[in-house]
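>>> Requesting a structural model of the entry that follows:
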Amino acid sequence: MFTTTFIAQPGKLDPALVTSLRDAWGGGDALWLAPDEAAEFSLEGVPANLWDVWDDVQKIGVDLVVQPSEGRRKKMLLADMDSTMIQQECIDELADEAGFGARVAAITAAAMNGELDFDGALRERVGLLKGLPESVITDVLEKRITLMPGGPALLATMKANGAYAALVSGGFTAFTSSVAGKLGFDENRANTLLADSGKLTGEVGLPILGKQAKVDALEEITARLGISEADVIAVGDGANDLGMLTRAGTGVALHAKPAVAAQCDVRVNFGDLTALLYVQGYAKSDFVSGK
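Got it, this is the predicted structure:
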């Protein structure tokens, strides 16, 4: 059996859309996970016109997911940080403080879309930060970094149901440790910005954590926990996330770059991070308030 899930911004999901598609696809009774926001129904197979319908509902602000019903509630969350658990790209914010914001943001966008080698692009961007006071990290954290909507509820609800949560980022430990602490992640992995005498050196600690490091985290943590990769829901937006997104039981491309979304079966473009709960079959009444 398969489950079809509809997700939209609050108040934006028309019940008539759910009913008409259920009738067209011969689905089971619709279950509303949140009134006018999220609903689901069962199906015996994946519809042949799924992606045509997906294109159509995207035009009216609705995310549509069809996935196997069995095992969709996961035991582990594996999440990217920048533009996923937070609304910014940390290195872009640091560079903006240094006066290189536009230049670095362009490199970041190209790297996340898979147009540039991740390691080389990271070294180039970090190099531009040379000489900045180390205190700029604290300033950016306090003044510029905001959590992605839905993140606190996602973490709190999954953890209340026994799930493990890991934050894996091509960004920097100074940021992941803060974000992980705020949201309640069990562990975090990222790159290290090197500093000397209170100033950034323009170098990053080795080895650089890129695309493969996220796959390694998936393999290592699931082995340690004694669960399978099928038990994991992973979420990210960039090309360096594709390895973990395609390996995890459910890989969610969240507001992702087009080249990334095209390679993922679960794409969330309108919902926030609570969409990951709806995809797992949680109703809004099941949500636990986050930190």
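>>> ranges for the helices of the chain?
With DSSP state H, the ranges of helices along the chain come out as 15-25, 50-58, 90-98, 101-112, 118-127, 136-143, 151-160, 173-183, 211-225, 242-247, 258-261, 275-279.
>>> out of those helices, which comes closest to residue 38?
Checking the helices of the chain against residue 38 by CB to CB gives helix 275-279 as the closest, at 4.3 Å. For glycine as for every other residue, the C-beta is placed from the backbone atoms N, C-alpha and C.
>>> Need the contact partners of the closest one.
Contact with helix 275-279 is made by 5, 7, 33-34, 38, 40, 63, 65, 67, 72, 77, 150, 153-154, 157-158, 233, 235, 250, 252, 254, 266, 268, 271, 286-287, as judged by CB atoms under 8 Å, 6 or more residues apart in numbering.
>>> Just the residues you listed: which are in strands?
Among these, DSSP state E puts 5, 7, 33-34, 38, 40, 63, 65, 67, 77, 233, 235, 250, 252, 254, 266, 268 in strands.
>>> Could you write me a ChimeraX select line covering just the buried ones among those residues?
Isolation of the buried members of the ones in strands among the contacts of helix 275-279 (16 or more other CB atoms under 10 Å) is achieved in ChimeraX through the command below:
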select :5,7,33,34,38,40,63,65,67,77,233,235,250,252,254,266,268
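>>> just for the protein, where's the confidence low?
Applying pLDDT under 70 to the chain flags the ranges 290-291.
>>> And for it, the residue most distant from the center?
Distance to the chain centre peaks in the chain at residue 197, reaching 35.2 Å (criterion: CA atoms, centre = their mean).
>>> Show me the longest strand that occurs in the protein.
Longest strand of the chain, by residue count under DSSP E: strand 164-172.
>>> Quick one: list the elements packing against that strand.
In terms of contact count using 3 or more CB pairs under 8 Å, 6 or more residues apart in numbering; DSSP states H and E, strand 164-172 is assigned the packing partners strand 76-79, helix 90-98, helix 151-160, helix 173-183, strand 187-191, helix 211-225.
>>> Other residues contacting stretch 280-291?
Here stretch 280-291 makes contact (CB under 8 Å, 6+ apart) with 3, 32-34, 37-38, 40, 72-74, 151-157, 160, 182-184, 233, 250, 274, 277.
>>> What are the buried residues along it?
Counting neighbours by 16+ other CB under 10 Å, one finds that the buried residues in stretch 280-291 are 280, 282, 284, 287, 288, 290.
>>> State the distance from the third one to residue 275.
Here the distance between residue 284 and residue 275 works out to 12 Å (CB to CB, to the nearest Å).
>>> mind checking the end-to-end distance for stretch 107-126?
Criterion CA to CA, to the nearest Å; first-to-last residue distance in stretch 107-126 is 11 Å.
>>> meant to ask about stretch 112-131
Where stretch 112-131 starts and where it finishes are 26 Å apart, if you go by CA to CA.
>>> do the same with stretch 88-107
Taking CA to CA as the measure, stretch 88-107 stretches 15 Å from start to finish.
>>> Buried residues in that stretch, which are they?
88-98, 100, 104-105, 107.
>>> cool, stretch 259-272 as well?
Applying 16+ other CB under 10 Å to stretch 259-272 flags 260, 261, 264, 265, 266, 267, 268, 270, 271, 272 as buried.
>>> residues contacting the fifth one?
For residue 266, the contacting residues are 65, 67, 250, 251, 252, 253, 279, by CB under 8 Å, 6+ apart.
>>> surely the second one meets residue 42?
In this case it means residue 67. No - when contacts are counted by CB atoms under 8 Å, residue 67 is not listed as touching residue 42 (11.3 Å).
>>> intersection of neighbour lists for the two?
Between them, residue 67 and residue 42 share the neighbouring residues 2, 3, with contact defined by CB under 8 Å, 6+ apart.
>>> Verify the contact between residue 83 and residue 238 for me.
Yes - using CB under 8 Å as the test, residue 83 is close enough to residue 238 to be in contact (7.3 Å).
>>> Give me the more crowded residue out of these two.
Set side by side, residue 83 and residue 238 show more neighbours around residue 238, with 26 against 21, by other CB atoms under 10 Å.
>>> how close does the nearest residue to that one once chain neighbours are set aside get to residue 61?
Computed as CB to CB, 6 or more residues apart in numbering, the closest residue to residue 238 that is not its neighbour in sequence is residue 112, at 3.5 Å. Between residue 112 and residue 61 the distance is 24 Å, computed by CB to CB.
>>> which of those two has more neighbours?
Under the neighbour definition other CB under 10 Å, residue 112 and residue 61 were set side by side, and residue 112 has more, 26 against 13.
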